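Participant: this one's sequence-less:
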């Protein structure tokens, strides 16, 4: 079994910062092609940030310059540093990773981020 445990969400005022973490454990050795998605109320799940197998991060336009995704391979942990948060960033955030050994994808359980105005 593989577990993805997300942490770091919560309530923050506009302009504030949060750092999300997603730790992979269990029967998974190396993760790659990692990403963070979010789903706001009444919206579809959207890709926020991703690091492809080439190691290059990509971001949706609405978070460029404010969010930063990073990967700690030694700890199989993905981070999302979120700065200058806006109320429209309010959503449930999900991490997604691929297992390099079999290319199977896994989702985190989701974590709430609420930005007050």
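Facilitator: Nice, thanks for sending it over. Just so you know, these numbers come straight off a predicted model, no measurement behind them. Numbering: from 1, shown residues only.
Participant: what about stretch 22-34, start to end distance?
Facilitator: In terms of CA to CA, to the nearest Å, the two terminal residues of stretch 22-34 are separated by 10 Å.
Participant: now it: average pLDDT?
Facilitator: When the per-residue pLDDT values of stretch 22-34 are averaged, the result is 88.
Participant: now stretch 90-101
Facilitator: In this model, stretch 90-101 has a mean pLDDT of 94.
Participant: can you point out the buried residues in it?
Facilitator: Residues of stretch 90-101 classed as buried by neighbour count (16 or more other CB atoms under 10 Å): 90-99. All C-beta spots, glycine's among them, are computed from the backbone N, C-alpha and C.
Participant: nearest to residue 28 among the residues you listed?
Facilitator: Of all the buried residues of stretch 90-101, the one with the least separation from residue 28 (CB to CB) is residue 99, at 5.0 Å.
Participant: just checking, the closest one touches residue 106?
Facilitator: Yes. With contact taken as CB atoms under 8 Å, residue 99 and residue 106 are classed as touching, separated by 7.0 Å.
Participant: hey, what's in contact with both of those two?
Facilitator: Here residue 99 and residue 106 share the contacting residues 2, 28, scored by CB atoms under 8 Å, 6 or more residues apart in numbering.
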